[in-house]
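[1] My questions are about this predicted structure, shown below with the sequence.
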Amino acid sequence: MRDVAIVGAGMIPFGRRDEDTLMDMLAFASLKAMDDAGLGDKSVDAVYVGNMGGGMLQHQSAIASSLVDRLSLLPAAAETVENGPASGGSAVKNGLLAIASGYYDYVLVVGGEKMREVTGWRATDFVASMTHPQTEYPYGITLPGMAGMFTRLYMQKYGVTREHLLAVSLKNQEMGALNPYAHVEMTLDRGGIFDSPHAIVNNPVSADPLHLYDLCPVSDGAAALILCPLEVAKKMSRPPILIAGFGQATDTHTLQERDDPTDLKAVTLATQQAFERAKLKPSDIHVAELHDAFTILEIAESEHVGFFKKGEGGKAAAAGKTRLGGQIPINVSGGLKARGHPVGATGVAQMVDIVWQLRHELSKNRQVKNAQNGLTVNFGGFGNNVLAFVLKRVDQ
Amino acid sequence: MKNEIPVTAFKCRKCGRIHYPYHDRCLACRNREFDQMRPEGNAKLLTYTAIFNLPWGFDQRFLIIGVAEFENGIKTMGQIKAESADQLKVGMTLKPTWEPIRMQYGEDVYGLKFEPVK
């Protein structure tokens, strides 16, 4: 097995991109990553596209075949990878394994989604299509609804409060406001969404006990990476970012069949695998992008990956331990909460943000000082398919 | 409204684990043989939410959904008949009914609806 490095990273601003097709977005992000890697007019051996909804929302299939044609990457191998909101992470995994095995040397991985061209209730229905088709979906359950039920249990068992959720929301919106790629570049005011008489109007209940600002937005966007063997990457001018560890695990489709529905087993297992392969531990991580589709998930994941003990994640967020400059900065990009969540793009975008952190390329108000190791967690379904990556800066 | 609850759960013949929905192999011991079973009695509310941003297909202001456990151990999702989530509490007893839960292609789709027992 060969070590695999990231040598190119690119992203387009997330948000509502009415002027672009899904293919436009995938192409723009791909070109940015290719240029970042200095590929020039060279090609790649293979392309993996992470996308969840092209077939349902754009009535388009075989997206990867179309992308290699548009980018003149023929005759590169090409596949679309669909794994719900973990499609991006799964696309990266495919690229990683293809290079590690020795089959390919240069791989383009791109994740993208165009969700804003349908109405909100169609987008909600599209995302809900990952719930169980007979025992969950017909009842009208949504992913925020699943998160609401999970939050109620987590609050009951671990004492998480709305104040803890608020801390995540305020932090991620604050960081998103500094991120030129973020969908929601807007800071929130505590009074406006929490403890003023107007708060219930500005921040109504969305999926009890979760409120509007506990949820990520529905976004358009794309992000891309170029991967190659570490030995090749070492000859390049910039420090390569090693994919030091990867892990993936699954869990039951329905929450009700889990022995403890508050236990995100797949998150724990995926990150344990990633840490073991990287020969690192949670305390070695300097910056993390966790899948905060809902504020409760950032708290729960921060515990399940090993940054905090169970029941301590909410308190840690409220105490500022997960802010830039804190014990472990989480979602300095703004996370899904503010950067946005174009589902197929998210797993790739998380890694792009960590690459920029580990290269020390971000502005001072977003950069984790001297970051060497980063973690991403890409959470599919409601925790039934999770991918984790440990990235490491390699100084030459 | 129908009285019976036509939900079929599956009890592993080897280890006794109850499955709903169906799995081809037991989640606990990977055995492939199951006995079918139906929900019995009332149910205990395990968790719930009130959803205000509904998916396509629901023309109403909000929907209350929960997961409940029947007296014989079957756990299922269902809609809950209540005016507000404030009327509910984890652990409370619910009476199950089998009623229309949504319309699809102009026809009623039936499913579980729970009603709090006062």
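    Yep, it's here.

[2] Just the strands from the chain, written as ranges.
    Answering for chain A, as no chain was given. A:4-11, A:46-50, A:77-81, A:107-114, A:205-207, A:210-211, A:220-229, A:241-250, A:287-289, A:373-380, A:385-393 (DSSP state E).

[3] think we crossed wires, I meant chain B
    Under the criterion DSSP E, chain B carries strands at the ranges B:9-12, B:18-19, B:34-37, B:43-51, B:63-70, B:75-80, B:93-104, B:107-116.

[4] Which stretch among those strands is buried most, on average?
    Ranked by mean neighbour count, the strands of chain B are led by strand B:75-80 with a mean of 25 (mean count of other CB atoms under 10 Å in any protein chain shown). For the C-beta atoms, the positions are set from N, CA and C on the backbone; glycine is no exception.

[5] Counting by contacts, list what that strand packs against.
    Contact analysis of strand B:75-80 by 3 or more CB pairs under 8 Å, 6 or more residues apart in numbering or on different chains; DSSP states H and E lists strand B:43-51, strand B:63-70, strand B:93-104, strand B:107-116 as its packing neighbours.

[6] Whether the longest one contacts chain A - can you check?
    Yes: part of strand B:93-104 sits near chain A under the criterion CB under 8 Å from any CB of the partner chain, namely B:Ile101, B:Arg102.

[7] Nearest to chain B: which residue in the stretch 1-150 of chain A?
    Of all residues in the stretch 1-150 of chain A, the one sitting closest to chain B is A:Gly148 (3.2 Å; CB to the nearest CB).

[8] show me what contacts that residue?
    Counting by CB atoms under 8 Å, 6 or more residues apart in numbering or on different chains, A:Gly148 touches A:Ser206, A:Ala207, A:Asp208, A:Pro209, A:Leu210, B:Thr49, B:Ala50, B:Ile51.

[9] and if you look at B:Glu83?
    Under the criterion of CB under 8 Å, 6+ apart, the contact list for B:Glu83 is empty.

[10] picking that back up, mean neighbour count for the strands of chain A - can I get that in a markdown table?
    Formatted as a markdown table, the strands of chain A follow (neighbours: other CB atoms under 10 Å in any protein chain shown):
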| stretch | mean neighbour count |
| --- | --- |
| strand A:4-11 | 26 |
| strand A:46-50 | 30 |
| strand A:77-81 | 20 |
| strand A:107-114 | 32 |
| strand A:205-207 | 24 |
| strand A:210-211 | 24 |
| strand A:220-229 | 29 |
| strand A:241-250 | 22 |
| strand A:287-289 | 28 |
| strand A:373-380 | 28 |
| strand A:385-393 | 27 |
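
[11] need these in TSV with mean pLDDT, can you?
    Shown next, in TSV, are the strands of chain A (pLDDT from 0 to 100):
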stretch	mean pLDDT
strand A:4-11	98
strand A:46-50	98
strand A:77-81	98
strand A:107-114	98
strand A:205-207	97
strand A:210-211	98
strand A:220-229	98
strand A:241-250	98
strand A:287-289	98
strand A:373-380	98
strand A:385-393	98
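
[12] So which bits of the stretch 151-300 of chain A are right by chain B?
    A:152-153, A:156, A:204-210, A:252-257, A:261.

[13] burial of A:Leu290, as a residue count?
    Per other CB atoms under 10 Å in any protein chain shown, the neighbour tally for A:Leu290 reads 29.

[14] Kindly report the same for B:Phe52.
    For B:Phe52, the neighbour count with other CB under 10 Å is 19.

[15] right, and it touches A:Val205 too?
    Yes: using CB atoms under 8 Å, B:Phe52 is in contact with A:Val205, at 5.9 Å.

[16] give the contact list for A:Asn373.
    Contacts of A:Asn373 (CB under 8 Å, 6+ apart): A:Ala244, A:Ala278, A:Leu280, A:Asp284, A:Ile285, A:His286, A:Leu358, A:Val390, A:Leu391, A:Lys392, A:Arg393.

[17] ok, now which ones touch the residue lying closest to the second one once chain neighbours are set aside?
    So the one you mean is A:Ala278. Take A:Ala278 and drop its neighbours on the chain: the residue closest to it by CB to CB, 6 or more residues apart in numbering or on different chains is A:Gly245, 3.0 Å away. The contact partners of A:Gly245, by CB under 8 Å, 6+ apart, come to A:Gln273, A:Ala274, A:Phe275, A:Glu276, A:Arg277, A:Ala278, A:Lys279, A:Leu280, A:Ala388, A:Phe389, A:Val390.

[18] ok, now how distant is the last one from chain B?
    Look at A:Val390 and chain B: by CB to the nearest CB, to the nearest Å, they are 30 Å apart.

[19] What's opposite that residue in the beta bridge?
    Counting by DSSP bridges, A:Val390 is bridged to A:Gly245, A:Leu375.

[20] mind listing what it touches?
    A:243-246, A:274-275, A:277-278, A:280, A:285, A:373-375.

[21] Let's see that with 10 Å instead.
    If a contact means CB atoms under 10 Å, 6 or more residues apart in numbering or on different chains, then A:Val390 has A:242-247, A:271, A:273-280, A:282, A:284-285, A:288, A:354, A:373-376 as its contacts.

[22] which residues pair with the nearest residue to A:Asn94 once chain neighbours are set aside across the strands?
    Spatial nearest neighbour of A:Asn94, chain neighbours left out: A:Tyr48 (4.5 Å); criterion: CB to CB, 6+ apart. Beta bridges link A:Tyr48 to A:Glu79, A:Val109, judged by DSSP bridges.

[23] what's A:Tyr48 in contact with, if anything?
    A:64, A:77-81, A:87-88, A:90-96, A:98, A:107-111, A:225, A:227, A:348.

[24] now swap in B:Glu40 and tell me
    By CB under 10 Å, 6+ apart, B:Glu40 lies in contact with B:Ile5, B:Phe70, B:Glu71, B:Asn72, B:Gly73, B:Ile74, B:Pro96.
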